[in-house]
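Asker: here are the coordinates; sequence isn't available:
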């Protein structure tokens with residue numbers, strides 16, 4: 001049994017896990033960002049101004065839901081991009097779900113389940129980094145060679 005586990009650990013390694021986590025979380029967020037890009041952010045502007053913040057803060061959604069996810073997928077500036085992605089989700093939870101923090105939905109899960117999942121996954125990526133299959137790894141490799 002130990003032999004099979006060793007063979008599986010060779011194939012199913014943590015580097016592939018990091019890649020899957022990065023691509024899945026950031027890739028799924030891109031759908032939200034592209035929808036906002038195509039349909040506008042009037043709803044976000046309303047939430048931002050209703051919270052007493054300047055309207056231009058709403059344009060940060062393009063960074064948080066398009067630019068940073070692309071950087072995370074590429075594995076470029078991954079830790080800092082994940083930090084800003086996480087901050088985007090904190091902002092989204094504050095603006096759109098602050099009254100739902102402890103509310104359970106019809107299926108029994110928290111109402112803020114999806115934004116919370118994005119938040120926690122981005123924090124995880126921030127701690128574990130991009131991994132071997134990333135532009136960060138290529139940059140670090142070339143920096144060490146110079």
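Answerer: Received the coordinates, thanks. For clarity, every value in this text was computed on a predicted model and none was experimentally measured. Residues are numbered from 1 along each chain as shown.
Asker: Any stretches of the protein with poor pLDDT?
Answerer: The model of the chain has pLDDT under 70 over residues 1-2, 4, 146.
Asker: what do you get if the cut-off is 80, keeping everything else the same?
Answerer: Scanning the chain for pLDDT under 80 picks out 1-12, 141-146.
Asker: Just give me the residue right at the centre of it.
Answerer: For the chain, the residue lying nearest the average C-alpha position, counting by Cα atoms, centre = their mean, turns out to be residue 122 (4.3 Å).
Asker: Please report phi then psi for that residue.
Answerer: Here is the backbone geometry of residue 122 (degrees, to the nearest 10): phi -70, psi -40.
Asker: Then residue 104?
Answerer: When read as degrees, to the nearest 10, the backbone of residue 104 gives phi -100, psi 140.
Asker: wait, doesn't it sit right on residue 113?
Answerer: No - the pair residue 104 / residue 113 is not scored as a contact, 9.5 Å apart, by Cβ atoms under 8 Å. The way it works is simple: take the backbone N, C-alpha and C, and place the C-beta from them, glycine included.
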